[in-house]
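Model the following, please.
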Amino acid sequence: MNIQKMIRGVVLSAFALTAGSTFAADTVVVGGKNFTEQQLMAEMTSQLLKAKGFEVDTRAGMGSAVLRQAQESGQIDVYWEYTGTSLITYNKVTERLSAEDTYAKVKELDAKKGLTWLDASKANNTYGLAMRRADAKKRGINTISELAAAINGGKSLTLACNAEFAARADGLKPLQKAYGFEFDRASVKRMDTGLTYQALRDDQVEVALVFVTDGRIPAFDFVVLKDDKGYFPAYALTPVVRTAILEKHPKLGELLNALSSKLDDAVMGRLNASVDVERKAIRDVAEGFLKEAGLI
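Predicted coordinates:
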């Protein structure tokens, strides 16, 4: 067992001990990752299920790998995952697939692990590389190919990205290989996901990794460079439920599919901006949307 697996095991064990003291037998455990969109989805899911009579325990703010393992081991019943993340990171599929084929593939593969992918939303929170609009226009950079050409031509540009993207199988290294360029080691500034937007806005870097449904992109007047080689896979935001809990509570599927049908890029961008730009409370934003959508 390597050190990473040992650490992961300790984290999961600690999580299990903490969780086990509070879960009721019929409680639905809702998980979520540690960034705004995921915190919003965990809160919306929890509020929706509570409004429909479910007992809910919310466990948001987890790392991706730990959250996935917690669901596979039965400690988390439902959370919202991205199709591309499951395809590449959890199922190690490197084949380029369409958005529809990506969904079908992860649905098939994860079913064997006791997980059911419900209906995919129209929100595709894929990765993107963003620049300040005025700077991109000044440099004549509209696509990642043009960014690559600028760097290969000797332009000194710095990138802000999180540590996960720097190491992911669908992250920075294969992106650079696909486009035939490479940031100098010193030109890659690793930081928390949320700080990449601030670093770009404040002129600390020229390029930043973003999630394309993030509300700070229009708010800070960024432009997302066109992925003209189609490198990034689809990351459709989708509710994933443990099959055992879905068979026990089939109403879950109906409720979560109804929520999924209300979501697209524009909706998620607006909700994310309400939290990250307007500084509204996640609980209030989630409740407001559920009422606006007629779900509660």
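
Going by C-alpha atoms from here, please, whenever you check contacts or count neighbours.
Fine.

from the chain's centre, how far out does stretch 177-190 sit?
Taking the mean of its C-alpha atoms, stretch 177-190 sits 22 Å from the chain's own mean (CA atoms, centre = their mean, to the nearest Å).

what comes up buried for it?
179, 181, 182, 183, 188, 189, 190 (16 or more other CA atoms under 10 Å).

now those residues in TSV, with distance to residue 260, secondary structure and pLDDT?
Shown next, in TSV, are the buried residues of stretch 177-190 (distance: CA to CA, whole Å; DSSP: H, G, I helix; E, B strand; the rest coil; pLDDT from 0 to 100):
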residue	distance to residue 260	secondary structure	pLDDT
179	34	helix	97
181	38	coil	97
182	38	coil	95
183	38	coil	94
188	36	strand	95
189	35	strand	95
190	33	strand	94
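
which SS state does residue 81 fall under?
Here residue 81 is recorded as strand under DSSP: H, G, I helix; E, B strand; the rest coil.

Now do the contacts for it.
Going by CA atoms under 8 Å, 6 or more residues apart in numbering, residue 81 touches 236, 237, 238, 239, 240.

And for residue 139?
Not one residue lies near residue 139 by CA under 8 Å, 6+ apart.

coming back round to it: just the ones in strands from the contacts of residue 81, please.
237, 238, 239, 240 (DSSP state E).

so which of these would you say is closest to residue 98?
residue 237 (15.1 Å; CA to CA).

now the closest one, nearest residue through space, not along the chain?
Excluding the flanking residues, the one nearest residue 237 by CA to CA, 6 or more residues apart in numbering is residue 82, at 4.8 Å.

ok, now how distant is residue 168 from residue 222?
Applying CA to CA, to the nearest Å, the value for residue 168 to residue 222 is 24 Å.

Quick one: the strands in the stretch 1-150 of the chain, in order.
For the stretch 1-150 of the chain, strands defined by DSSP state E, counting those that start in this stretch occupy the ranges 28-33, 56-62, 78-82, 115-117, 127-132.

List the neighbouring strands of the fourth one plus their orientation.
So that's strand 115-117. Counting by DSSP bridges, the strands paired with strand 115-117 are strand 237-242 (antiparallel).

the inter-axis angle of the partner strand versus strand 28-33?
Put simply, strand 237-242 runs at 140 degrees to strand 28-33, going by axes from the mean of the first three to the mean of the last three CA atoms, to 10 degrees.

Give the rounded mean pLDDT of strand 237-242.
The pLDDT scores in strand 237-242 average 98.

got it, and stretch 30-40?
94.

same deal with stretch 122-132?
94.

And the contacts of it?
Here stretch 122-132 has contacts from 82, 144, 200-201, 206-213, 220-225, 227, 232-237, 260-261, 263-266, 268, using CA under 8 Å, 6+ apart.

how's the chain carved up into domains?
28-124+234-293, 127-224 (the TED database).

End to end on the shortest one, go ahead and measure it.
Using CA to CA, the end-to-end distance of domain 127-224 comes out at 10 Å.

Hey, what's the angle from the helix or strand harbouring residue 271 to strand 237-242? Just curious.
Element membership of residue 271, judged by DSSP states H and E, is helix 265-276. With the same axes, to 10 degrees as the basis, helix 265-276 and strand 237-242 are set at 80 degrees to each other.

Quick one: list the elements packing against helix 265-276.
Contacts defined by 3 or more CA pairs under 8 Å, 6 or more residues apart in numbering; DSSP states H and E place helix 265-276 against helix 36-51, helix 216-219, helix 282-292.

Centre of the chain to stretch 122-136, how far?
Distance of stretch 122-136 from the chain centroid (CA atoms, centre = their mean) equals 14 Å.

This completes my enquiry, with thanks.
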